[in-house]
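Enquirer: below is the sequence, then the predicted model.
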Amino acid sequence: MKGFSIIHYQGIEIVYLNYQHLSSTELFQTMEQARSLILKENKIRPVLINLIGVYGTPDFMNKAKELGKETAHLTSKSAVVGLNDLKKILLNAYNRFTSENMKAFDTEELAKEWLIKV
């Protein structure tokens, strides 16, 4: 499902941000929806982000940084799928800016397995 959702994987709740092939408007709507619910629920969870087909525009990156800052205290781990080499460079820049350590994976299944490990 595209957009924002809470998924369950092996009994663990994971925040799932599926930005796959969303329009610019849909991206920002999804980010705002996620921010609102994450802060409202005030619950620490791992996060899985799907960026397949997403272009890392400056506006998107700025909004992602803002969202990351606001919700970092509620994120136990972050995994990203859908990154090519350029997007991996952008992820490294994001990690430096936010002091986060998101990990890139080739598949959602591998990402979920890593997210649920203690």
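Expert: Now that the structure is in, tell me what you want to look at. Numbering: from 1, shown residues only.

Enquirer: from here on, contacts and neighbour counts on C-alpha atoms
Expert: Fine.

Enquirer: beta partners for the most centrally placed residue in the chain?
Expert: For the chain, residue 49 is the residue whose C-alpha lies nearest the centre (Cα atoms, centre = their mean; 3.3 Å). Taking DSSP bridges as the rule, residue 49 bridges to residue 17, residue 80.

Enquirer: any idea how far it lies from residue 74?
Expert: Shown here: residue 49 relative to residue 74, a distance of 15 Å by Cα to Cα, to the nearest Å.

Enquirer: residues of the helix or strand of the chain with the lowest mean pLDDT that come out buried?
Expert: Counting by mean pLDDT, DSSP states H and E, the chain has its least confident helix or strand at helix 85-98, which shows a mean of 78. Buried residues in helix 85-98, defined by neighbour count with 16 or more other Cα atoms under 10 Å: 87, 91, 94-95.

Enquirer: return the distance of the helix or strand harbouring residue 15 from the chain's centre.
Expert: According to DSSP states H and E, residue 15 maps onto strand 12-18. Centroid displacement of strand 12-18 relative to its chain, using Cα atoms, centre = their mean, to the nearest Å, is 8 Å.

Enquirer: same question for stretch 94-110.
Expert: On Cα atoms, centre = their mean, the centre of stretch 94-110 falls 8 Å from the chain's centre.

Enquirer: residues in contact with it: which ones?
Expert: The contact list for stretch 94-110, computed with Cα atoms under 8 Å, 6 or more residues apart in numbering, reads 48, 50, 61, 65, 68-69, 72, 77-83, 88, 91, 111.

Enquirer: restricting to C-alpha, output it in PDB.
Expert: Only the C-alpha atoms of stretch 94-110 are listed here, as PDB (Å, rounded to 0.1, in the frame of the first residue of the first chain):
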ATOM      1  CA  TYR A  94      20.900  13.000   5.400                       C
ATOM      2  CA  ASN A  95      22.600  10.700   8.100                       C
ATOM      3  CA  ARG A  96      25.300  13.300   8.600                       C
ATOM      4  CA  PHE A  97      22.800  16.200   8.900                       C
ATOM      5  CA  THR A  98      20.400  14.400  11.300                       C
ATOM      6  CA  SER A  99      22.900  12.200  13.200                       C
ATOM      7  CA  GLU A 100      20.700   9.300  12.200                       C
ATOM      8  CA  ASN A 101      22.000   6.000  10.900                       C
ATOM      9  CA  MET A 102      19.600   4.700   8.400                       C
ATOM     10  CA  LYS A 103      20.600   1.500   6.700                       C
ATOM     11  CA  ALA A 104      19.900   0.700   3.000                       C
ATOM     12  CA  PHE A 105      18.600  -2.600   1.900                       C
ATOM     13  CA  ASP A 106      17.800  -4.200  -1.500                       C
ATOM     14  CA  THR A 107      14.500  -5.700  -0.400                       C
ATOM     15  CA  GLU A 108      11.800  -4.800   2.100                       C
ATOM     16  CA  GLU A 109      12.000  -8.400   3.500                       C
ATOM     17  CA  LEU A 110      15.700  -7.900   4.400                       C
END
